[in-house]
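K.L.:
Dropping the sequence and predicted coords here.
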Protein chains: 2
Amino acid sequence: MPTVSNRGEIMPASPIRRLVPLANKAAARGLKVYRLNIGQPDLPTPPQAFEALRNIDRKVLEYSPSEGLRSLRMKLCEYYHRFNIDVNIDDIIVTSGGSEAVLFAFMACLDPGDEIIVPEPAYANYMAFAISAGAKIVTIPSSIDNGFALPPVEEFEKLITPRTKGILICNPNNPTGYLYSMKEMLQIRDLVMKYDLFLFSDEVYREFCYTGAPYISAFHLPDIEQQVVLIDSVSKRYNECGIRIGALITKNEQLRRNVMKFCQARLSPPLIGQIVAEASIDASPEYMLSTYTEYVERRNFLIDGINRIPGCYSPIPMGAFYTVARLPVDDADRFCEWCLNEFEYEGQTIFMAPASGFYTTPGNGRDQVRMAYVLCKEDLARALDVLAHALTAYPGYTLRDTLAQTAKND
Amino acid sequence: MPTVSNRGEIMPASPIRRLVPLANKAAARGLKVYRLNIGQPDLPTPPQAFEALRNIDRKVLEYSPSEGLRSLRMKLCEYYHRFNIDVNIDDIIVTSGGSEAVLFAFMACLDPGDEIIVPEPAYANYMAFAISAGAKIVTIPSSIDNGFALPPVEEFEKLITPRTKGILICNPNNPTGYLYSMKEMLQIRDLVMKYDLFLFSDEVYREFCYTGAPYISAFHLPDIEQQVVLIDSVSKRYNECGIRIGALITKNEQLRRNVMKFCQARLSPPLIGQIVAEASIDASPEYMLSTYTEYVERRNFLIDGINRIPGCYSPIPMGAFYTVARLPVDDADRFCEWCLNEFEYEGQTIFMAPASGFYTTPGNGRDQVRMAYVLCKEDLARALDVLAHALTAYPGYTLRDTLAQTAKND
């Protein structure tokens, strides 16, 4: 039998989706499974999206241009201008989700052996796309104890080698919910300038910033616009993850030419998704606000709830709709699997993403999970209740030892 | 400025899409451009597809499973069974078009430096996906003079090295329209067995076989089912290229696990496209027949027309809806550009894909073009007329020299 690729063998299975078969089995056993593992919001897609679908009046569902429909790119321009992101239609290349934008950015910028520096925990699939491109992600740990703030500049500088081609940030951050301050963004900008790097900036959660602190786009930073590669997606902001429409935005013409070769090879992004995305940009301010308000409430509710469970800790995320929380368990991978395989509480269980998959430094995040607050408050309440019961029932519950130890010492 | 990747630099621009900006400029000058460059049929998408679109009754356009909707995969199974392709639902992974299926097949099977053998001329984007995976496409020339039949087995064997991991065929063939005979398919099978290779078989044109000769799927071949990777797409058979739905089909479990990692990284194939594809499989026999009949007529008309133009030659394609024709020109790349940039006949011009982009052997196909018979007969008639006029007006028309030479010799 011919062997499969080593590339595929070394690629980690998605920490977000790896346990899906176990969750499906739990559901098949009749359990209600609270799915906090994935950023799949339960909120409605805007009515404009469905109206556009119903009004499709074509005879042929044909290829679109490889760079995306012109009308969508124009609409996206207007959208970015609202955020003071000064891009024009030629800077925007429409992709099959933000995922393809990351893949093409890596393919067009990085050769095998090239390195990019990414603060960890980081969105797990960056790793998969880097492996696809033969590139190396070099992670720099951020810590739950200071809310996953940007690591000191000196730590970045220690990691820079002749093969370093870029820095990748996700802002607001998935999985941590951290929002980089102007000071931090300027530090990144200085690094990018000093070492002549690309700045890959994944900003798909820009609509979801909760603390009043400003959202700083990579395109807001002075004098590096030729080095910025913005990754975007309509998935999260309009609750339409399934249409697979994202964008890669760059003012670097040479890079764009390079990216376009990969775009032409796959012919075109999804036509119907583009029509839906274009319509969604017209979602009403009321729609956007109600989505936003809902996340604010869920965030407050979930984080408060986590921090009330003995031994659990979550920083308060400033943006996006995830948090990385520390749990009193020996091994969050085992705990998450155990919740799906062996536990139930009143016919329910909980599905979380083990945080280890968001770190590359071995051992980091071992007692952490990522939770997405994509369920309604009632479900979050039940999920928290299930979590509290699961922890105390779990054989690797570490607080039991501590309590026992304390009792023994008393 | 950081440099872009060498990978992207060495990637050839798509011969199908590279000249699109020139065609758009010609259209902007007011010319009618007959676009024979791309496999974008003008035929209607089935009514079932549009009905499914109108009937989408969801609140959220959410992610689908990474391997695709179960209901679509079931429907695809039934479809393949009609062609005596014995696959089950677990063998099928839905992709964003056949393009993604090729990319993931290469990513999951090939490491940098690995080689696959492909008869040329070949679909140009295979090259792009191979470069993405760092793999090497080794081409084996087939000749227009024997209708692009499979090169002799000995020619394949000469190219096999320790790095050879597979053979890739497209059957019926894009760009040549060749349909491999059972004898040829068994020769390929023997090679695959003998050298322990993968057989990547792109069969997206199976509905379009015109000569009564049977379509042989790679899955019809005995004893190699674990080595077969079938590439498929609904784009061409239901005239819905824009929905971006394809499939990668393999019975090799280890390979499937590997492919699934790439699938999970990009989260999911397009949801709406999957709904449309599923409905399209219910297209009526009348619909399928009318599409088929239309291609039969166009094929006869186009090939006959080409062969009537002095110095032009096209074999008769047995399947798909392309042909590679030889033209009396010094350089088909220059000729195709010239048609768009400098020529017009009665306010019209023609857009063809230079065949050089479908060859990797330098010089091969230099006087050849790929034409797709995706326009109605009236347009094909005009396009042929434009072509005939373009040739005699073109500075690099080789028949002029021949005629002049003949006149001089007389």
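P.N.:
Great, that's in hand. Keep in mind the model is a prediction, meaning the values are calculated, not measured.
K.L.:
Output stretch A:393-403 as CSV, nothing but the C-alphas.
P.N.:
Listed next in CSV are the C-alpha coordinates belonging to stretch A:393-403 (Å, rounded to 0.1, in the frame of the first residue of the first chain):
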residue,chain,number,x,y,z
ALA,A,393,-17.5,13.3,39.6
TYR,A,394,-14.4,13.2,37.4
PRO,A,395,-11.6,10.8,38.7
GLY,A,396,-8.9,13.4,37.9
TYR,A,397,-10.6,16.2,39.8
THR,A,398,-7.6,17.9,41.5
LEU,A,399,-9.5,19.8,44.1
ARG,A,400,-10.5,16.6,45.7
ASP,A,401,-6.8,15.8,46.4
THR,A,402,-6.3,19.4,47.6
LEU,A,403,-9.4,19.1,49.9
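K.L.:
all strands of the stretch 251-400 of chain A, in order?
P.N.:
Counting by DSSP state E, counting those that start in this stretch, the stretch 251-400 of chain A has strands at residues A:322-326, A:348-351, A:353-354, A:368-372.
K.L.:
Would you reformat the ones you listed as CSV and include mean neighbour count?
P.N.:
Placement of C-beta: from N, CA and C, glycine included. Shown next, in CSV, are the strands of the stretch 251-400 of chain A (neighbours: other Cβ atoms under 10 Å in any protein chain shown):
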stretch, mean neighbour count
strand A:322-326, 25
strand A:348-351, 24
strand A:353-354, 28
strand A:368-372, 28
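K.L.:
Need these in JSON lines (columns: mean pLDDT and distance to chain B).
P.N.:
Compiled in JSON lines, the strands of the stretch 251-400 of chain A are given as follows (pLDDT from 0 to 100; distance: least, Cβ to the nearest Cβ, whole Å):
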{"stretch": "strand A:322-326", "mean pLDDT": "97", "distance to chain B": "15"}
{"stretch": "strand A:348-351", "mean pLDDT": "98", "distance to chain B": "14"}
{"stretch": "strand A:353-354", "mean pLDDT": "95", "distance to chain B": "12"}
{"stretch": "strand A:368-372", "mean pLDDT": "97", "distance to chain B": "12"}
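K.L.:
closest to residue B:102 out of those strands?
P.N.:
Residue B:102 lies closest, by Cβ to Cβ, to one member of those: strand A:353-354, at 30.2 Å.
K.L.:
Parallel or antiparallel, list what pairs with the closest one.
P.N.:
Looking at strand A:353-354 with DSSP bridges, its partner strands are strand A:368-372 (antiparallel).
K.L.:
Name the SS class of residue A:90, please.
P.N.:
Here residue A:90 is recorded as helix under DSSP: H, G, I helix; E, B strand; the rest coil.
K.L.:
Identify the residues contacting it.
P.N.:
Each residue near residue A:90 by Cβ atoms under 8 Å, 6 or more residues apart in numbering or on different chains is listed here: residue A:256.
K.L.:
quick one: pLDDT of the residue sitting nearest the centre point of chain A?
P.N.:
Residue closest to the average C-alpha location in chain A (Cα atoms, centre = their mean): residue A:174, at 3.8 Å. The score at residue A:174 is 96. That number is its pLDDT.
K.L.:
Relative to residue A:126, how far out is it?
P.N.:
Residue A:174 is 10 Å from residue A:126, where distance means Cβ to Cβ, to the nearest Å.
K.L.:
separation between residue A:238 and chain B?
P.N.:
9 Å (Cβ to the nearest Cβ, to the nearest Å).
K.L.:
Residue A:251 too?
P.N.:
Counting by Cβ to the nearest Cβ, the gap from residue A:251 to chain B is 12 Å.
K.L.:
ok, the residue in the stretch 51-200 of chain A that chain B sits nearest to - how many residues close by?
P.N.:
Residue nearest to chain B within the stretch 51-200 of chain A (Cβ to the nearest Cβ): residue A:128, separated by 3.4 Å. Neighbourhood size, residue A:128 [other Cβ atoms under 10 Å in any protein chain shown]: 23.
K.L.:
check contacts around the residue nearest to it when sequence neighbours are not counted.
P.N.:
In this structure, residue A:128 finds its nearest non-sequential neighbour in residue B:265, 3.4 Å apart by Cβ to Cβ, 6 or more residues apart in numbering or on different chains. Going by Cβ under 8 Å, 6+ apart, residue B:265 touches A:11, A:14, A:99, A:125, A:128-129, A:132.
K.L.:
So residue A:38 sits against residue A:19, correct?
P.N.:
No - assessed by Cβ atoms under 8 Å, residue A:38 is found out of contact with residue A:19, at 10.3 Å.
K.L.:
Overlap of the contact sets of the two?
P.N.:
Shared contacts of residue A:38 and residue A:19 (Cβ under 8 Å, 6+ apart): residue A:353.
K.L.:
Quick check: phi and psi on the residue of the stretch 301-410 of chain A found nearest chain B?
P.N.:
Nearest to chain B, among the residues of the stretch 301-410 of chain A, is residue A:374, at 10.1 Å (Cβ to the nearest Cβ). According to degrees, to the nearest 10, the main-chain angles of residue A:374 amount to phi -110, psi 10.
K.L.:
And for it, nearest residue in space, chain neighbours not counted?
P.N.:
Nearest non-adjacent residue to residue A:374, counting by Cβ to Cβ, 6+ apart: residue A:41, 4.5 Å away.
K.L.:
Could you give me the buried positions within the one helix or strand residue A:79 maps to?
P.N.:
Taking DSSP states H and E as the definition, residue A:79 sits inside helix A:70-82. Counting neighbours by 16 or more other Cβ atoms under 10 Å in any protein chain shown, one finds that the buried residues in helix A:70-82 are A:72-73, A:75-77, A:79-80.
K.L.:
what does stretch A:132-147 give?
P.N.:
A:132-140, A:142, A:144.
K.L.:
now swap in stretch A:44-61 and tell me
P.N.:
Neighbour counts over stretch A:44-61 (16+ other Cβ under 10 Å) mark A:44-46, A:48-50, A:52-53, A:60-61 as buried.
K.L.:
gap between the helix of greatest length in chain A and the chain center?
P.N.:
In chain A, taking DSSP state H as the definition, the longest helix is helix A:285-308. The chain centre lies 18 Å from the centre of helix A:285-308; the measure is Cα atoms, centre = their mean, to the nearest Å.
K.L.:
hmm, it in reach of chain B?
P.N.:
No - using Cβ under 8 Å from any Cβ of the partner chain, helix A:285-308 stays clear of chain B, with a minimum separation of 11.7 Å.
K.L.:
State the mean pLDDT of that helix.
P.N.:
For helix A:285-308, mean pLDDT rounds to 97.
K.L.:
Against which helices or strands is it packed?
P.N.:
With contacts taken as 3 or more Cβ pairs under 8 Å, 6 or more residues apart in numbering or on different chains; DSSP states H and E, helix A:285-308 sits against strand A:322-326, helix A:377-393.
K.L.:
and if we set it to 6 Å?
P.N.:
If contacts are counted by 3 or more Cβ pairs under 6 Å, 6 or more residues apart in numbering or on different chains; DSSP states H and E, helix A:285-308 sits against helix A:377-393.
K.L.:
which strands and helices sit next to the helix it packs on?
P.N.:
Using 3+ Cβ pairs under 6 Å, 6+ apart, helix A:377-393 is in contact with helix A:285-308, strand A:348-351.
K.L.:
returning to what we had before: report the next helix or strand after the helix holding residue A:79 in sequence order.
P.N.:
Downstream of helix A:70-82, the first helix or strand assigned by DSSP H and E is strand A:92-95.
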